[in-house]
Each structure stands twice: as structure tokens, then as C-alpha cells.
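**Q** Could you look at this predicted model? Sequence included:
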Amino acid sequence: MPYFYHSYLFENDCIATTTSNNIMKKCITIIFCLYACLPCTVSAQNLLQNPGGRHAISLNGKWQVIIDPYNAGASWKPIWKDQHPTGKYDFYEYGFTDKITLDVPGDWNHQLPELKYYESTVWYKKTFVYKASNGKREFLYFGAVNYACDVYINNQFAGSHEGGFTPFQFEVTGKLKDTNSVIVRVNSQRRADYIPALNYDWWNFGGITRDVSLIETPADYIGDYSIHLAKNSYDTICGWVQLAGENMGRAVTINIPGLNISFNAVTGADGKAWFSIPAKPTLWQPLNPKLYTVNIKTATDSVSDNIGFRNVAVNGTDILVNGQPVFLKGINIHEEIPQQQRRAWSQADATQLLTQAAALGCNFVRLTHYSHNEHMVRLADEMGIMLWEEVPLWQNIQFTNPAILNKADTMLKEMITRDKNRCSIIMWSMSNETSSSPSRNQTIKSMAGFVRSMDSTRLITSALNTTHFDGANATISDSLALALDVVGVNEYLGWYQPWPAKPEEMGWHNPFNKPLIMSEFGAESLYGNHGSADVNGFWAEEREEQVYKDQIAMFKNIPFLRGTCPWVLADFRSETRLQPVYQQGWNRKGLLSDKGLKKKAWYVVHAWYAGR
């Protein structure tokens with residue numbers, strides 16, 4: 001059933017909380033009346049791998065919009081029907097017009113002043129001309145929509161999707177005409193049973209926030225593929241190609257010109273062709289991010305991609321890339337352009353953010369706290385920047401709700417499906433700062449198992465904030481670490497928590513014998529605000545600078561530390577930051593200001609990384 005907010009809640013309340021059969025029947029009767037004229041639910045379908053490498057028509061640009069704060073258009077004013085008066089007695093109390101538009105991709109919060117804090121429904125409409133070809137299939141592909149949406153094509157329901165940071169698609173073959181309209185209902189309202197939940201520390205950018213396209217394929221097409229070095233090997237490229245359509249016993253060719261490889265495989269009963277190819281590629285690594293053009297061909301379809309080959313592993317407390325220990329010189333990045341107070345989405349945006357990280361001296365970026373747009377991960381491949389990518393299980397998640405695991409696994413599946421061929425991603429993260437409990441532990445352990453079943457070539461991590469301090473001794477104490485390959489720890493000593501001892505005297509203990517990444521640390525300052533470097537200098541650049549100096553003094557005494565990720569690259573918008581003088585709706589922990597200017601702490605981190 002589509003995510004029509006009011007009636008959707010009512011239906012769940014009836015089913016979840018009512019034990020009386022009579023009341024249940026009444027609820028179902030009411031629901032049936034509400035939805036009698038509406039189509040059934042269609043979930044997002046298996047994703048096309050590498051949408052940018054397909055024949056596609058961009059649907060980016062100006063979209064007409066209707067702002068609907070009470071979700072009236074989902075029921076008694078059925079905006080999705082896009083009706084127009086045809087007689088003098090016809091009357092429809094809504095209508096799309098070119099006088100009210102929003103840019104797609106883009107969040108609505110920065111585009112119209114009245115929508116700055118808006119968290120409800122906006123209806124989008126795009127009209128486009130298309131000439132359908134016989135024997136072709138068509139898919140509406142969305143890079144991301146925040147948060148829940150229903151999609152219609154020519155007044156027919158195409159499907160629904162939940163989750164604000166992963167791609168989805170709906171097949172619309174047979175539903176297109178010469179002139180077409182796409183209508184999308186987007187709702188960004190927060191809910192306790194969403195991921196993330198009600199309260200989180202970044203701006204809730206609503207809207208169609210990433211690219212939209214109509215993708216055309218043959219009837220029998222290459223749906224998905226995974227191509228990588230065999231685990232723990234440097235002389236074998238392996239993987240699979242999944243065809244869609246009537247594809248049993250079909251020939252598939254994998255061609256890598258740079259390695260003089262042309263390999264033929266045949267699909268099995270499930271349409272999947274497995275392969276293992278002897279090869280000795282130049283290994284992808286930060287100082288030499290070598291990518292190879294990989295061509296995949298069948299009798300009816302072909303796709304090309306740029307893929308790097310490398311291996312990632314752990315050995316005790318070491319992180320190994322291509323068999324060599326690495327220290328991850330990282331930074332946390334939010335998908336935001338602070339200078340324009342908007343969600344980042346374009347190739348130019350990705351270039352700005354990753355270039356700033358490289359200038360700091362980073363070889364590693366934590367994409368917080370959700371999967372970023374595809375431009376970011378592909379550019380990281382090209383620049384040689386290793387990535388941590390995660391799903392937005394950020395504090396206060398309803399782990400006792402069984403629906404949460406299903407939602408989290410769906411987000412993981414969509415994230416991994418899109419990015420599994422991106423060599424820059426070396427670890428998948430399950431969560432950030434979730435409180436320990438039996439239900440939380442079981443949920444995230446299950447998620448980790450699900451990820452390993454999808455991708456055994458990368459590392460599993462989470463950012464934990466359960467550390468036990470006893471004077472100068474700090475002990476990683478969250479048992480969730482047992483389910484991880486790499487332990488991330490968030491700590492804000494010197495800011496939210498006083499130093500329990502002198503930084504250089506702090507000793508860290510790791511009972512799990514696993515690599516540690518200090519995944520968050522730092523302090524806040526307003527650029528240009530100067531004062532004392534001690535605890536009296538809150539909000540001063542000098543105070544933030546001193547916290548970083550103290551942190552680095554502590555890091556030098558942690559023998560199993562394998563990476564650091566300061567929080568955060570740049571100041572970013574957050575509705576929960578209420579300090580009226582220094583924050584004003586911004587989290588001010590950036591090494592860069594909201595204008596991109598370097599704070600004093602930036603130079604401390606730059607020198608730390610330059611010396612490693």
C-alpha cells in the first residue's frame with residue numbers, strides 16, 4: 001500500500017494494536033473504502049547496476065510542485081490523478097503550474113524560504129516526451145528521495161519506496177506514451193519507526209535529492225554484476241553477471257582490454273554466469289588508483305564500467321590493503337554544501353568535498369551517516385580515497401520493532417547493490433552511536449551476517465560510543481565489537497567529557513584484539529571567535545585547536561590505533577543545535593567554517609597527517 005501518511009498510520013495501528021476481531025474487521029472495512037480506488041503496493045525492484053552506463057533520458061530540471069502539509073492529496077483531494085476540468089461544472093481544488101517549481105535534484109528546504117523547516121508532503125510533477133521502441137524495456141530510476149515516496153506514471157501507480165539515501169527503480173514498460181507525466185509524492189516527516197528515527201544531528205533535507213532518469217534496456221538485458229579480485233588473491237579476477245529476461249544458457253563475454261582479457265561464460269538456470277579469470281592487474285591503492293575499463297556483452301546488451309582491483313583484510317589489529325598495513329588518515333563528511341545550505345548531489349559537489357579532504361591530507365573518508373550519492377564513490381575511486389559507507393542507524397532506533405531489521409537490510413541491499421564494484425569502499429558500517437541492548441545487539445549482528453552474505457570482500461564496522469573510563473585507563477567495552485572486523489569508537493574527550501587524566505598519560509585497552517579507528521572526536525568553534533584554549537574558551541577556535549592537540553597526544557600511545565576520523569570536515573546545518581550566539585542551527589565542529597575557511601584546528605590535523 002502506498003505511504004499515504006494518515007491512512008498508513010491508521011492501518012498499522014489497527015493491525016498492530018487491536019486484538020478484537022470485530023474491531024479489526026471494522027478497521028479493514030474502513031481501510032478498504034479509503035483505498036478501493038487505489039492500486040496495490042509495488043515495492044522498488046532489483047536495481048540496475050551502473051545506471052550511468054545505460055541508455056538514459058535525464059528527468060532532472062524544473063518540476064512543478066504542490067505543497068501539501070496535511071497530506072490531503074493522498075485521499076480526499078487525489079492529486080495523484082492529476083485531474084483537469086473538462087466541463088463548466090468540474091471543480092478540482094488543486095493543480096500543478098509552472099508558477100511553483102523546484103529543481104530536481106535538490107532539497108526543498110533551501111529552495112523556498114517557507115520550506116526551510118518543512119517536514120511533510122510535497123507533490124512533484126514532470127512532463128516529458130518519449131518515443132517508445134518495440135522490444136525495449138523502460139525503468140524510472142531515482143538516485144534518492146527523502147524519505148517516503150509514491151511514484152505514478154501517466155496516472156498509474158508505479159510503486160513506493162522508503163529510505164532517504166539509497167536508489168530505487170520501477171519498471172514502466174507498456175505504461176509510456178508520446179507525452180508522459182511522472183508524479184511523485186514525497187514525505188519527509190520523521191517517525192520513530194523510520195531509519196533514522198525522530199531525532200538526529202543533521203538537517204532533514206526533504207525532496208527528490210538525487211538524479212532521476214528514464215533508463216531504456218533491451219528485453220533481455222544485463223541487470224547486475226560483481227567483478228573483483230578473488231579474496232586473498234592477487235592473480236584471479238572473479239565474480240558474476242546476472243541477466244534479466246529469458247536468459248538460461250546465454251553467452252556472456254567479459255572483456256578487459258588493459259589486461260588483454262576476453263573471457264566467455266554461460267548463464268545457468270537462474271540467469272547468472274559465474275567466472276574466475278587468471279590475471280595480474282596493477283593493484284588499486286591510494287597512491288596509484290589504477291582503474292580498468294571492463295566491458296560486459298551479451299547477444300542483446302552491453303555495459304562498460306571502470307573498476308579497480310584490490311584486496312582488503314585484517315590481521316590482528318592491522319588493516320591490510322593489498323597485504324600491506326595502512327593507517328587511515330580520515331575525515332567525516334556530511335553530504336552537504338554549507339556555503340549554500342543545501343544537500344550535495346552533483347559531480348561538482350563531490351569534487352568540492354573530496355578535494356577538501358585531499359587537501360587536509362586524507363587517504364580515507366567516512367561517509368556519514370548514510371550512503372552518499374554515486375558521484376562521491378566514483379570520484380573516490382578515481383582519486384584514490386578509501387571509504388567507509390554506512391546506513392543511518394543513528395541513535396534512538398526502535399530495535400525492539402521487528403520491522404527495523406527488514407528496513408535496515410533493505411537499505412543495506414540497495415547500498416551494496418549500487419556500490420559493490422567501487423574499489424574505494426573498504427568497509428560497510430552498520431550503525432552509529434546506538435545504545436547497547438539485547439535487541440540492538442541481535443539486530444546489528446543479523447545485519448552484519450546479511451552483509452557478509454552479500455559481500456565477503458570488505459570489512460564490517462560500526463561506530464560505538466561505549467567506552468569505560470577509569471582514571472587514565474580507557475577500555476572499549478561494547479560487546480557488539482565481537483561481530484565486527486574493525487571497531488570504530490566515537491569519543492569527545494575535552495569537549496562533552498572532561499579529560500580523566502592528562503592526554504599523554506591515557507592508556508587504551510582493546511579486549512577484542514581488533515583494529516581501532518577513532519571514528520569521531522573534536523570540539524566546536526565559531527570561525528573568527530577567539531579566546532582561551534582551556535575550558536574557559538568554549539566556542540573559541542583556540543579551544544577546538546587545543547582539543548585536537550590533546551587528542552593527538554593521546555593517539556600516540558594507542559598501539560592498535562589504525563585510523564582517525566575527526567568530526568567533521570565542515571560546519572553543517574542541524575535543527576538540534578540551539579546555542580543562539582555560536583551555533584544558530586549549525587553544528588560547529590567543522591575544521592572548515594560554513595564558508596569553507598580553515599579554522600586553527602585544520603592546521604593541527606594537516607600536520608598530524610603529513611607526519612604519518
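**A** That came through fine.

**Q** In contact with the residue most central in space within the chain, which residues?
**A** In the chain, the residue lying closest to the centroid (C-alpha atoms, centre = their mean) is residue 371, at 1.5 Å. Residue 371 makes contact with 165-166, 389-391, 411, 414-415, 418-419 under the criterion C-beta atoms under 8 Å, 6 or more residues apart in numbering. Using the backbone N, CA and C atoms, a C-beta is placed for each residue, glycine as well.

**Q** ditto for residue 145
**A** Residue 145 neighbours (C-beta under 8 Å, 6+ apart): 161, 164, 168, 184, 186, 207-210.

**Q** got it, and residue 191?
**A** Residue 191 neighbours (C-beta under 8 Å, 6+ apart): 197-198.

**Q** Could I get the full set of helices for this protein?
**A** For the chain, the helices defined by DSSP state H cover 5-17, 21-35, 347-360, 374-383, 402-419, 438-454, 541-555, 600-610.

**Q** Keeping just the C-alphas, turn the fourth one into CSV.
**A** In this case it means helix 374-383. Output of helix 374-383 as CSV, limited to C-alpha atoms (Å, rounded to 0.1, in the frame of the first residue of the first chain):
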residue,chain,number,x,y,z
GLU,A,374,27.1,7.9,-6.6
HIS,A,375,29.3,10.8,-7.8
MET,A,376,31.1,10.6,-4.4
VAL,A,377,32.1,7.0,-4.5
ARG,A,378,33.0,7.0,-8.2
LEU,A,379,35.2,10.1,-7.7
ALA,A,380,36.8,8.5,-4.7
ASP,A,381,37.7,5.5,-7.0
GLU,A,382,39.5,8.0,-9.3
MET,A,383,41.2,10.0,-6.6
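
**Q** tell me which residues of it are tucked away?
**A** 374-381, 383 (16 or more other C-beta atoms under 10 Å).

**Q** Export those as CSV, with columns for distance to residue 488.
**A** Output for those, formatted as CSV (distance: C-beta to C-beta, whole Å):
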residue, distance to residue 488
374, 24
375, 25
376, 19
377, 19
378, 24
379, 23
380, 19
381, 22
383, 23
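
**Q** now those as a markdown table including pLDDT and distance to residue 325?
**A** Output for the buried residues of helix 374-383, formatted as a markdown table (pLDDT from 0 to 100; distance: C-beta to C-beta, whole Å):
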| residue | pLDDT | distance to residue 325 |
| --- | --- | --- |
| 374 | 98 | 30 |
| 375 | 98 | 30 |
| 376 | 98 | 26 |
| 377 | 98 | 24 |
| 378 | 98 | 27 |
| 379 | 98 | 26 |
| 380 | 99 | 21 |
| 381 | 99 | 22 |
| 383 | 98 | 22 |
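
**Q** how near is residue 81 to residue 183?
**A** Separation of residue 81 from residue 183 (C-beta to C-beta, to the nearest Å): 9 Å.

**Q** Need the overlap of contacts for these two.
**A** Common neighbours of residue 81 and residue 183 (C-beta under 8 Å, 6+ apart) are residue 155.

**Q** Among those two, which residue is more densely surrounded?
**A** Counted by other C-beta atoms under 10 Å, residue 81 and residue 183 do not tie: residue 183 has more neighbours, with 26 against 14.

**Q** Report the beta-bridge partners for the more buried one.
**A** Bridge pairing for residue 183 (DSSP bridges) gives the partners residue 125, residue 152.

**Q** shaky segments in the chain?
**A** By pLDDT under 70, the low-scoring segments of the chain are 1-44.

**Q** OK, contacts around the residue in it sticking out farthest from the centre?
**A** Distance to the chain centre peaks in the chain at residue 88, reaching 49.1 Å (criterion: C-alpha atoms, centre = their mean). Under the criterion of C-beta under 8 Å, 6+ apart, the contact list for residue 88 is empty.
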